[in-house]
Each structure stands twice: as C-alpha cells, then as structure tokens.
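Colleague: return a 3D structure for these sequence lines:
(2 chains)
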Amino acid sequence: MRSRAAQLSLFGVALLIGLLLVGQLRSQARPTEISTLSAQELSQLVQTLSDRNRELRTGLADIREQLREYRVAGTQGQSAVEVGREDLRRITAFGGLAAVEGQGIVMQVSGALDAIALNDLLNELRNAGAEALAVDDVRVTHRSVAIQGPLALVVDGIEVGETFTLRAIGSPDGLLATLERPGGIIAQLEQFISATITARAVERLTLPATAVDLAPTVAQPAD
Amino acid sequence: MTLRRRSVRPAWAISIGAGLAVVGFVGAAQWNSSIDRQQFTTSAQQVLSAQVVELEEEQGTLRNEIAEAEAEVQRFQEESTTSSETLSRLNDQLTAARLATGLTALHGPGVIVEIADSQRVVPPGENPASFIVLVDDLRDIVSALWASGAEAVAVNGERLVATSSIYAVGASVLVNTAFLSPPFRIEAIGSDGLQDRFLAHDAFTGRVGQRIEFFGLEFATAAADDLQLPAFVGNTRFRWAVPSEDAT
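Modeller: As a prediction, the model looks like this:
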C-alpha cells in the first residue's frame, strides 16, 4: 500500500511538472516573441500582414475566376485551350520565363555597390511590391543573385558596371515611396556606399525574359 | 525490519520532495514571466499582438484555400490532357513552367542549413541584437545558396520564387507572406557538392560566416540525399505586369 501510495504521489508530481513545463515552454515560444515587439514594430507588422493578406485574397479571387472559366469551358474544346494558354502566359510571366510590360520605375544607379547592396536593393523592391525586375537587360528570377566577379558584379553570368539601370514593374507610387522614404534603402546606400541613385516613374516598361534555363536538372517533381 | 523501513521511506519522500522543489521552481518561473509580460506589455501592444495573431490565422486560411484552388486548376488541366493533342502539349508546357518557377513541390539531394540565436551571455556593453539571427543573415545564406547552384530554396517551408522577399519587422522575419521565427531552417536542392560550395562562397563567408564566429550564432549544415521542398503558395497573379507581345 505504501509503495502504491508512493507511486501515485510520484505520478501526480510528474504530471504536474509536465503540465507546468509545457506551459512554460509555450509561454517562451511565439506569443512571447510577438509581445517583445514594440508597439511601432507591431503596428508595422499588422500593416504588412494586412497588405499581404489583401494580396492573397485578390489572388484567391483570381484563381476562383480561372476555375469558373474552366468549368464553363468543360475539359474539352477550344475554350479549355484558351484558358490553359492564359495560365501558361501568366506562369511564364510570373517566373521570368516570358517578357512582361507595364507601369513601374526606372532607377539609375552609379557607385561602387557591392553584391550585398545590389541584392538588398532587389529585395527591397520585391518587398515593396515589384512584380518584375531587370538589372540592365538581365531579367531577375528567383535564382538570380548578384555576386562579386573577378572584375565587376555579376548577375546571371552578365557583368554589371558601376553605372547600371534597374527597372521594376509595379505600383510606381508604392515603389518610389518605399525606396525614397527617410532612412530607406536609397538613403542608406547613398550614405554608406557613396552611391548616386535616381528613381522615376515610367508609364510603360518592357522587361525581357530571362536568358537562363530555369528547368531543374537535379530536383524532381514530388509526388 | 526497522532498518528496512528507514531505508524505504526516506527514498520516496526525497523523490517527492525533489519533485515538489522542481514544481515550485517551474511554477515560480512561470508566474514571474507572466508578471513580466503584464508589466512590459502596454494595452496598445496587447491589442496589436492580438491583431497579428488574427491576421496570421486569416493568412493560414487564405493560403490553404489558394493551395486547394490551385490543385483544382491543375486537376482540370490534367484531366483535359487526353482530350486533344493541342491540350496535351499545352499541359506539358504548363507542367514545365510550374517546375521552373517554384510552383511545384520538388525533391532531390541538397543541403540543410540551420541558424538560430546565440546562446552566449551578452557581455556588458555589447549590443544584444548582434547575438540574434538578423534578416541580413538569412539573405546572405540564401544568396550564397543560389550563387552555389541551388535549384530550389525554402526557408522554414516557405519556397522562394521570383517575387519573394526576406524582410525584417523588428527582430522577426517575413518571408513571402509568412511571419517566421528562429530557429531558421533553410533547405536547398542542388547538385553534388552544394554544401561545400555554399560554405566556401564569399556570400556566406563575407558577413554571416563572420557573425556566426564572432557572436556564436547557432549554426549547422548537413548534406541530404533527398530533401522535399513544398511548392510556393501565394499570389501568382500580377496586377501591374502583363505578358509582353513584342519584347524578346
């Protein structure tokens, strides 16, 4: 009896420890991280997540419209071909496999930017909503990255001079506002790298397709 | 008999006592941390934190719905492959385009890179931010992987595509639409030697490699024979860019 009482007591204590440890670990995970952000950071996060969710809602509405078109077209005939062709045009434009055009901005960059600075600039443009990018005539894809070559920066195997043009298709106002805000990427680069960067809105830009074959050679589709 | 009783009772009594001591310690820690949060979290922060959680939940739902709708589109296209040669050819092109642009889940050999905040005690006078994983660290790692020949990369399960950005909000990180927290696991599929090329690349050794060494960021890499990377889930419909008819 005494032994059983001891076992039960130990079980109870172990259970209590377990519950408390789980509670403690949970309190150290995400909620604590969110709560350690300042009100300003949280406000920025709310704004960013709201924007991203709005994009997702728009994207979802577009896919549903495409589904509706497929249903109307059925699975045979010219209409299904047209819906499929439209999808192909969309996907190849999205991934940089096809040339695209639209409103956006043109940046003239001059200065000794290093690879990190150029990659940061591209990242900032993407974050600001750029849908398609080109450094000079090199279309930027998901695999494009600026690296330091023997003589100059290189993007997708093409050398980039100390003066180059960066073109981005997207909301001109949104892109310019992000780039030109006080303390933004242009201000940082001009201060720390002595670069000269000008940006202007453009009514119509045309960006070429990538010259790089993006078909994977090692990776295979998962089932 | 007396000796046996004395030797048994103290043993379980000590176990219980030790257990209760742990309970007390953990309970006190939890109580203290709760008090800290209450003390340092303003009501505005509480409201905003709740909004963040709500938006993340909404995002999860939206992403699930997008993934389901995209899968349905693909089912329509796959079903129609047998209907005509034109459709069949078109669907082959669609499959290839999805594969090349990050819209298909992939598997293959590659490398796993893990990075997390330093466990070192921050010395007096040092900036605590130096001891945590920064967005620049992730960007450098991803850049080094692409530059080393990676064919596909995912950060904590977020597949990177042409429109992906890696963005900082305070000490936290947004990749695509997702709010990610450390530890970060970056997976990349690529040909033999990807791990070695990555570790030797300037994009890695130049900045993040030094931060790992100086500040003791937790870091590990491992080659993998068969990594599974998810497809990108998100908006692939452009608002501003349209396919061009006349450009090359």
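Colleague: tell me who's in contact with the residue nearest the centre of chain B.
Modeller: The residue lying closest to the centre of chain B (C-alpha atoms, centre = their mean) is B:Asn156, at 1.8 Å. Shown in contact with B:Asn156 (C-beta atoms under 8 Å, 6 or more residues apart in numbering or on different chains): B:Val175, B:Ala178, B:Leu180, B:Phe184, B:Arg185. Yep, even glycine has a C-beta here, placed from its N, CA and C like the rest.
Colleague: who does the first one form a beta bridge with?
Modeller: Residues in a beta bridge with B:Val175, per DSSP bridges, are B:Ile166, B:Ala178.
Colleague: distance check, it against chain A.
Modeller: B:Val175 is 10 Å from chain A, where distance means C-beta to the nearest C-beta, to the nearest Å.
Colleague: quick one on the thing from earlier: which one of the contacts of B:Asn156 has the most neighbours?
Modeller: B:Val175 (23 neighbours; other C-beta atoms under 10 Å in any protein chain shown).
Colleague: how much space between it and B:Gly108?
Modeller: From B:Val175 across to B:Gly108, the span is 21 Å (C-beta to C-beta, to the nearest Å).
Colleague: list the contacts of stretch B:15-22.
Modeller: A:Ala6, A:Ser9, A:Leu10, A:Val13, A:Ala14, A:Leu16, A:Ile17.
Colleague: which of those residues fall within helices?
Modeller: The helices, defined by DSSP state H, take in A:Ala6, A:Ser9, A:Leu10, A:Val13, A:Ala14, A:Leu16, A:Ile17 from those.
Colleague: which residues of the chain fall in strands?
Modeller: No chain specified, so I'll use chain A. Per DSSP state E, chain A carries strands over the ranges A:100-110, A:132-135, A:138-139, A:146-148, A:153-155, A:158-160, A:163-169, A:196-207, A:220-221.
Colleague: meant chain B actually
Modeller: Assigned by DSSP E, chain B shows strands spanning B:106-116, B:152-155, B:158-159, B:166-169, B:172-175, B:178-180, B:184-189, B:218-229, B:242-243.
Colleague: among those strands, which is nearest B:Leu48?
Modeller: B:Leu48 sits nearest to strand B:166-169 of all the strands of chain B, at 11.7 Å, using C-beta to C-beta.
Colleague: how far does that closest one sit from the chain's center?
Modeller: 13 Å (C-alpha atoms, centre = their mean, to the nearest Å).
Colleague: for that strand, list every residue counted as buried.
Modeller: B:Ile166, B:Tyr167, B:Ala168, B:Val169 (16 or more other C-beta atoms under 10 Å in any protein chain shown).
Colleague: next: stretch A:211-223.
Modeller: Buried residues in stretch A:211-223, counted by 16+ other C-beta under 10 Å: A:Val212, A:Leu214, A:Pro216, A:Val218, A:Ala219.
Colleague: the first one and A:Val100, how far apart?
Modeller: If you measure A:Val212 against A:Val100 using C-beta to C-beta, the figure is 16 Å.
Colleague: got it, and the third one?
Modeller: As judged by C-beta to C-beta, A:Pro216 and A:Val100 stand 22 Å apart.
Colleague: for the last one, same thing?
Modeller: Separation of A:Ala219 from A:Val100 (C-beta to C-beta): 25 Å.
Colleague: check the buried residues of stretch A:211-223 one by one and keep those near chain B.
Modeller: By C-beta under 8 Å from any C-beta of the partner chain, the members of the buried residues of stretch A:211-223 lying near chain B are A:Leu214, A:Pro216, A:Val218, A:Ala219.
Colleague: just send the strands of chain A back as CSV, with distance to B:Ile212 and mean pLDDT too.
Modeller: Output for the strands of chain A, formatted as CSV (distance: least, C-beta to C-beta, whole Å; pLDDT from 0 to 100):
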stretch, distance to B:Ile212, mean pLDDT
strand A:100-110, 30, 96
strand A:132-135, 29, 98
strand A:138-139, 31, 98
strand A:146-148, 20, 93
strand A:153-155, 25, 95
strand A:158-160, 28, 95
strand A:163-169, 31, 97
strand A:196-207, 31, 95
strand A:220-221, 32, 95
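Colleague: could I get those strands as a markdown table with distance to chain B?
Modeller: Shown next, in a markdown table, are the strands of chain A (distance: least, C-beta to the nearest C-beta, whole Å):
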| stretch | distance to chain B |
| --- | --- |
| strand A:100-110 | 4 |
| strand A:132-135 | 5 |
| strand A:138-139 | 9 |
| strand A:146-148 | 5 |
| strand A:153-155 | 9 |
| strand A:158-160 | 14 |
| strand A:163-169 | 4 |
| strand A:196-207 | 4 |
| strand A:220-221 | 5 |
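Colleague: show me the one of these that comes nearest B:Trp146.
Modeller: Short answer: strand A:146-148, nearest of the strands of chain A by C-beta to C-beta, at 8.9 Å.
Colleague: let me have the buried residues of stretch A:211-223 in JSON lines, extended by pLDDT.
Modeller: Output for the buried residues of stretch A:211-223, formatted as JSON lines (pLDDT from 0 to 100):
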{"residue": "A:Val212", "pLDDT": "96"}
{"residue": "A:Leu214", "pLDDT": "96"}
{"residue": "A:Pro216", "pLDDT": "96"}
{"residue": "A:Val218", "pLDDT": "96"}
{"residue": "A:Ala219", "pLDDT": "96"}
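Colleague: just the closest of those to A:Arg90, please.
Modeller: A:Arg90 lies nearest to A:Leu214 out of the buried residues of stretch A:211-223, by C-beta to C-beta, at 16.0 Å.
Colleague: for the closest residue to that closest one other than its chain neighbours, give me its contacts.
Modeller: Setting aside the residues directly before and after it, A:Leu214 is nearest to B:Ala100 in space (C-beta to C-beta, 6 or more residues apart in numbering or on different chains), at 3.9 Å. Neighbouring residues of B:Ala100 by C-beta under 8 Å, 6+ apart: A:Gly95, A:Leu97, A:Leu214, A:Ala215, A:Pro216.
Colleague: of those, which pair is most distant in space?
Modeller: Farthest-apart pair in the contacts of B:Ala100 is A:Leu97 and A:Pro216; separation 13.3 Å (C-beta to C-beta).
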